[in-house]
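> next come a sequence and a model predicted from it.
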Amino acid sequence: MPNMIIKIDNEENDDWIKFRSREQELRIHDEIARELSQHKTTVKEFAQNIINKLKGGPGSGNFGHAGRPGKVGGSASSNFGWGKARALVAAPLKTTHVADFNKTFKNVKEFMALYEGDINSIKQAQSDSDKKVREINKEMRAEYKKDYPDWKRISSLRGDLKRAKLEKKENEKKIEKLNEEMRQRFNAPGITAPKFDDAFSAQMQGIYGSRNKSGVIEDFKESIKEVTESGIFGEHVTGGKLIVIQATDNASDAGCFRQKDSVIEQSPEQISKLGTGWASLTLYHEMGHWIEVNAPQAAKIKKRLEKFFVDRVKNQKPKFEYNMVLKPDAFITPYVGRLYRSADPVFMIDLPNGRKMGFSPEEVLSTGIEFMVTKPAYFMMKDPEHFALTVSIMMGVPE
C-alpha cells in the first residue's frame, strides 16, 4: 500500500505528516483513538502532541515531513470525542497496469471485440429465456382461468418454468464469469454488498459504546487500500497528483466530492456500517468526479462526456424526481442522467417553479467507473457506447 498522509487540523493548528511505514501508521492511529476516547487533552494540545510525535519534535523534520498542501475548511462532529480534529489520508495511485493494457489493445473496439461474441450469445440467451418465461406464465394464467383447468398441462408448464428459470441463472453465471475476467484486465477488484449479522452489530456497538474509533479507522483504511491498489487510475488520468481523501463524521452518506477544495470526503462511521466493499465502490465513484476536475486532460474529458450526454438526451424533456433534475435516457441507471446547476451550463431548463436555470451532467464518468469495476460485461452488454467511453478515458486508449 502506498504511504499515507495524516492531517491534524483545528482552528489554530494546520500541518501535514507523512507516514514512513504501515506499522507507524497503525500505531499512530491507535494513539489517536485512545487519546481522543479518554479525553486526556484539549483538541489543540492533542493535535500539537501528535504532530510533534510524528515529526520527532518541533522543527526536527523527522519522519518524512510532507509539507503543507493547503488548508481545507470545516470541522468534524464532536459526537465521539473528535472535536475539531480531523484525519485526512491521501495516496498516489498505481499506474503500471495501464501501460500493460495499452500494449495489448490498440483501442477500445479491439478490447470489446474479444468479448463481443460471448456477450451477444449471452444476451440472446437471456432474451430467449425471458421470452420463454413470459409465454409460460401467460399460458398458465389462461389455463387457471378455465372452468375446468387441465392440471396435467399446468404441472407440465410448472416444470418448463423451473427449467427456464434455471437457464436464466446459468446465463447470470456466465455474465459473472466474464465480469471477473474483464475486472482482471482492468486490475479492478470485485466488490460485493456487505452482509449484516448480529456479530457485526455487536462489534459496532462495542466500537461506539466505548468511544473507540480504531475499528472504524481500520474499515476506512481498508476501503482506501482496495481502491489505491486498483490499476485503473493511470498517471495519464491523475497526472501523478496527490489525491486527498478526508475522513469526516459530517458526511450524510458514505462519501462525496467537495469540488471547491478538490477533496474526496468519506465517513468512517458510514463505511463501518456499510462495509468496506460498499465504501470502496463509493470511493471509485467519487474518484470519477475528482478526475473531471483535476486530471491533466480534464477539459478534454469534460467535453467528451458532455458530447456523449447531449447526443443521447438532446430530444428528451427533463424529469423532476426525488429532488433531482434528470434526463434518464436508456442509461444503465437513470442516475447517469442526473443534472446539476452549473455556471457553464450545457442545458437551460425551465423548472417547475417557473425559473429557468443552467444545468450540466456530472455523473457520466463516475457511474461508468462504478460499473466498470463491478459489472463490466453487464455494462458492455447494456450500454456499449457508455462502456467504450469510460474504458477509453480510464485506460488511455482511443475509442
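Good, I have the coordinates.

> pLDDT wise, what is the closest residue in space to Gly239 that isn't next to it in sequence at?
Nearest-residue entry for Gly239: Pro296, 4.1 Å, with adjacent residues in sequence omitted and distances by C-beta to C-beta, 6 or more residues apart in numbering. No exception for glycine: its C-beta is placed from N, CA and C like everyone else's. Predicted confidence (pLDDT) for Pro296: 87.

> just say helix, strand or coil for Pro296.
Three-state assignment for Pro296 (DSSP: H, G, I helix; E, B strand; the rest coil): coil.

> what's the neighbour count on it?
Residues lying near Pro296 (other C-beta atoms under 10 Å) number 14.

> so how far is Lys302 from it?
Distance of Pro296 to Lys302, given as C-beta to C-beta, to the nearest Å: 13 Å.

> go on, Glu362?
9 Å.

> give the intersection of the neighbour lists for these two.
Common neighbours of Glu362 and Lys302, using C-beta atoms under 8 Å, 6 or more residues apart in numbering, are Glu292.

> for Trp151, grab the count of nearby residues.
Neighbours of Trp151 using other C-beta under 10 Å come to 9.

> what does the pLDDT read for it?
On the pLDDT scale, Trp151 gets 95.

> same thing with the one 3 residues further on?
Predicted confidence (pLDDT) for Ile154: 94.

> show the average pLDDT along stretch 122-139.
For stretch 122-139, the per-residue pLDDT averages 94.

> residues touching that stretch, excluding its own?
Taking C-beta under 8 Å, 6+ apart as the rule, stretch 122-139 contacts 157, 160-161, 164-165, 167-168, 171, 174-175, 178, 381.

> how about stretch 179-186?
97, 101, 111, 115, 189-190, 230-232, 372-378, 380, 391, 394-395.

> if we go to 10 Å?
97-98, 100-101, 104-105, 111-112, 114-115, 118-119, 188-191, 230-232, 369, 371-380, 387, 391, 394-395 (C-beta atoms under 10 Å, 6 or more residues apart in numbering).

> now a PyMOL select for only the buried ones of these.
Of the contacts of stretch 179-186, the buried ones can be selected in PyMOL as follows, counting by 16 or more other C-beta atoms under 10 Å:
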select buried, resi 97+98+101+105+111+112+115+118+119+188+189+191+230+231+232+369+371+372+373+374+375+376+377+378+379+380+387+391+394+395
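
> helices of the stretch 51-200 of the chain, start to end?
With DSSP state H, counting those that start in this stretch as the criterion, the stretch 51-200 of the chain has helices at 96-104, 108-145, 151-186, 198-209.

> mind putting the ones you listed into JSON lines with distance to Asp329?
Output for the helices of the stretch 51-200 of the chain, formatted as JSON lines (distance: least, C-beta to C-beta, whole Å):
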{"stretch": "helix 96-104", "distance to Asp329": "29"}
{"stretch": "helix 108-145", "distance to Asp329": "19"}
{"stretch": "helix 151-186", "distance to Asp329": "23"}
{"stretch": "helix 198-209", "distance to Asp329": "38"}
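
> Thr238: which of the ones you listed is closest?
Of all those, helix 96-104 sits nearest to Thr238, with 10.4 Å by C-beta to C-beta.

> can I get that closest one in CSV, CA atoms only?
What follows is helix 96-104, C-alpha atoms only, in CSV (Å, rounded to 0.1, in the frame of the first residue of the first chain):
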residue,chain,number,x,y,z
THR,A,96,1.8,0.3,-14.2
HIS,A,97,-1.3,-1.7,-15.2
VAL,A,98,-2.5,0.8,-17.7
ALA,A,99,0.7,0.5,-19.7
ASP,A,100,0.2,-3.2,-19.9
PHE,A,101,-3.3,-2.8,-21.1
ASN,A,102,-2.2,-0.4,-23.8
LYS,A,103,0.4,-2.8,-25.1
THR,A,104,-2.3,-5.4,-25.5
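
> packing partners of that helix?
Judged by 3 or more C-beta pairs under 10 Å, 6 or more residues apart in numbering; DSSP states H and E, the packing partners of helix 96-104 are helix 108-145, helix 151-186, helix 235-238, helix 384-395.

> and these, which is most packed in?
With neighbours taken as mean count of other C-beta atoms under 10 Å, the helices and strands packed on helix 96-104 reach their highest mean count in helix 384-395, at a mean of 22.

> mind listing what Met357 touches?
For Met357, the contact set (C-beta under 10 Å, 6+ apart) comprises 325, 339, 341-342, 345, 347-351.

> cool, Gly117 as well?
Contacts of Gly117 (C-beta under 10 Å, 6+ apart): none.

> per-residue confidence at it?
Value for Gly117, per-residue pLDDT: 95.

> if I look at it, how far off is Phe387?
16 Å.

> now Lys375
For Lys375 relative to Phe387 (C-beta to C-beta), the value is 10 Å.

> hey, what's in contact with both of the two?
182, 332, 381.

> distance to Ile291 and pLDDT added to those, as CSV?
Shown next, in CSV, are the shared contacts of Lys375 and Phe387 (distance: C-beta to C-beta, whole Å; pLDDT from 0 to 100):
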residue, distance to Ile291, pLDDT
Met182, 20, 92
Ile332, 19, 94
Met381, 25, 96
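
> for Lys145, state which of these is nearest.
Met381 (36.5 Å).

> Cys256 looks like it's in a strand, true?
Yes: looking at Cys256 with three-state DSSP, it is inside a strand.

> which ones are touching it?
Listed by C-beta under 10 Å, 6+ apart, the contact set of Cys256 reads 246, 248, 250, 263-267, 282, 285-286, 289.

> one more time with 8 Å
Cys256 neighbours (C-beta under 8 Å, 6+ apart): 264-265, 286.

> before we move on, what about Leu157?
136, 139-140, 143.

> for Ile264, same thing?
So Ile264 contacts 243-246, 255-258, 283, 286-287, 289-290 (C-beta under 8 Å, 6+ apart).

> where do the domain boundaries of the chain fall?
5-90+192-294, 118-185, 298-366 (automatic domain parsing).

> lowest average pLDDT across those domains?
domain 5-90+192-294 - the lowest mean pLDDT of the domains of the chain, at a mean of 56.

> redo the contacts of Leu157 as CSV? Include distance to Glu321.
Shown next, in CSV, are these (distance: C-beta to C-beta, whole Å):
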residue, distance to Glu321
Ile136, 34
Glu139, 37
Met140, 35
Glu143, 40
